[in-house]
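Chemist: Structure, please.
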Amino acid sequence: MKLLKLLFALTAIGAIGFGASIAYSSKSKPTVTLTQPAFSTVEIEQVKLVKSWNAMTHISGIVKAKRKSELSFERMGRVDQFHVDKGDRAQEGQVLANLNTDVITAQIRKLQADKQGAIAVLNEMKAGPRKEIIDAARATVQDFDAQLALAKRNVERRQRLVNTEALSREDFEQAQSTVVQLEAGRTNAQKTLEDLALGTRSEKIEAQESIIESLQESILAAQVDLKHSEIRCPYDGIIIERLLHEGSVATPGITVFVISEVAHLEAHFGIPPQMIASLKVGQPLDLTVRGVPVNATLRSIVPQVDDETRTLKIIASITSTENANVLAGDGAKLVLTRPQNVEGIWLRTPCILQGQRGLWECFVAEKVPDSETSMLARRTIEILHTEGDRVLVRGAIHDGDWVVSSAVNRVVTGQVVNTVERVME
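Modeler: Now for the predicted structure:
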């Protein structure tokens, strides 16, 4: 029984750092031999006090196309042909789809023919009547003159006959009526001759010119309708959606294509308002997309706090042309740094452990005099800032202290250990 108690005691001693060996004699009686203490080994790293540092804030955002458009026809009509489909790349100015244009084309041909006829009439007006027409009008006047002279002589002869009562009064008046009719005809013929000699009046020419101008405006309007019968790509991009098919009747304002620009991408982020002071439009930004760094500059800051997130939106232009794998919709990461004038000591997160009453603690290795071992002391600390896998602290540790950086949950205060120095990254 005494031997069993001794074995338990030796086992307990070994658990706190001492080793023991048990030897058996030929008479089967064990002999216990105490060895030198076996200390645990921990990693330690030396800490340094910093008086200023840069706080790094990681912000998530999204890559968007600078331009995204919903394209539609500007007039109603039946869709005849599509030239692209969803997922296709399109170039600026490329025709994407067409409406049926048979009616408009026929209308343009008719208007152009009417215009040519009106132009011919105008040219005739400006050129004036031909010489043959003027000569014919002059001959008509001369003919009236001859007839009128004959009619007047007849009236004179009949006047004498009436005076001698050789002719009735009725025949005499008939001769006078003939003179009056010829005089009226001669007057009209003379007026026609004068008009022909003067040429076409300016008012008629202006009226004809107005007719031609009206026809030209109608042609232009029909050509605009013809232009509105197609959808052209406004910029280089990718067709995101195609919402109609051949034979569908398109209506103005109803979306046919959704296109997204590919040449210019930008990243949108929401940042706390207090960080705006450190940003300036045009400055380069530390941006990554899918873990790959991309070149970006701050394009604009939207001066309005979002009602829900309480952040300000900033827009970064992605200027790198080498990262063709960046696509609209990708997630983006932004790292912002702010100088801080707060003293503290950086510790890696494996160096700290949670203490009592919500406090944080770490172990400091203090050299044992005249020994290569160290004794561990528990120190209370306050966390000032967390950044990735490290924290900035202050408290009961000082510049140059050696802090335990491994197995902090398996050591205790006052424990004597061997140490291995670790260079802090």
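
Chemist: what about the helix or strand containing A221, distance to the chain center?
Modeler: Per DSSP states H and E, A221 falls inside helix 202-227. From the chain centre to the centre of helix 202-227 is a distance of 41 Å (C-alpha atoms, centre = their mean, to the nearest Å).

Chemist: max-length helix in the protein?
Modeler: helix 131-163 (DSSP state H).

Chemist: After that one, which helix or strand is next?
Modeler: helix 169-198.

Chemist: Just the C-alphas of stretch 365-375, formatted as PDB.
Modeler: The C-alpha trace of stretch 365-375 is given here as PDB (Å, rounded to 0.1, in the frame of the first residue of the first chain):
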ATOM      1  CA  ALA A 365       7.600  35.300 -19.700                       C
ATOM      2  CA  GLU A 366      10.000  36.600 -17.000                       C
ATOM      3  CA  LYS A 367      13.500  35.200 -16.900                       C
ATOM      4  CA  VAL A 368      14.300  33.100 -13.800                       C
ATOM      5  CA  PRO A 369      17.600  34.400 -12.300                       C
ATOM      6  CA  ASP A 370      20.600  32.100 -12.900                       C
ATOM      7  CA  SER A 371      18.500  29.900 -15.100                       C
ATOM      8  CA  GLU A 372      17.700  29.400 -18.800                       C
ATOM      9  CA  THR A 373      14.000  29.000 -17.900                       C
ATOM     10  CA  SER A 374      11.300  31.600 -17.500                       C
ATOM     11  CA  MET A 375       8.300  32.000 -15.200                       C
END
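
Chemist: Without its sequence neighbours, what residue ends up closest to the residue most central in space within the chain?
Modeler: Residue closest to the mean C-alpha point of the chain, counted by C-alpha atoms, centre = their mean, is R67 at 1.7 Å. Leaving out its chain neighbours, the residue that sits closest to R67 by C-beta to C-beta, 6 or more residues apart in numbering is E261, at 4.3 Å. For glycine as for every other residue, the C-beta is placed from the backbone atoms N, C-alpha and C.

Chemist: Can you give me the buried ones in the helix holding A221?
Modeler: Q208, I211, I212, L215, S218, I219, A222, D225, L226 (16 or more other C-beta atoms under 10 Å).

Chemist: Contact partners for the residue lying closest to the first one once chain neighbours are set aside?
Modeler: Distance criterion C-beta to C-beta, 6+ apart; nearest residue to Q208, sequence neighbours excluded, is L122 at 4.5 Å. When contacts are counted by C-beta atoms under 8 Å, 6 or more residues apart in numbering, L122 is found next to I205, Q208, E209, I212.

Chemist: And R158, by the same measure?
Modeler: R158 is in contact with L167, D171, F172, A175, counting by C-beta under 8 Å, 6+ apart.

Chemist: How about N100?
Modeler: Per C-beta under 8 Å, 6+ apart, neighbours of N100: G77, R78, V79, D80, S229.

Chemist: buried subset of those?
Modeler: Judged by 16+ other C-beta under 10 Å, buried ones among those: G77, V79, S229.
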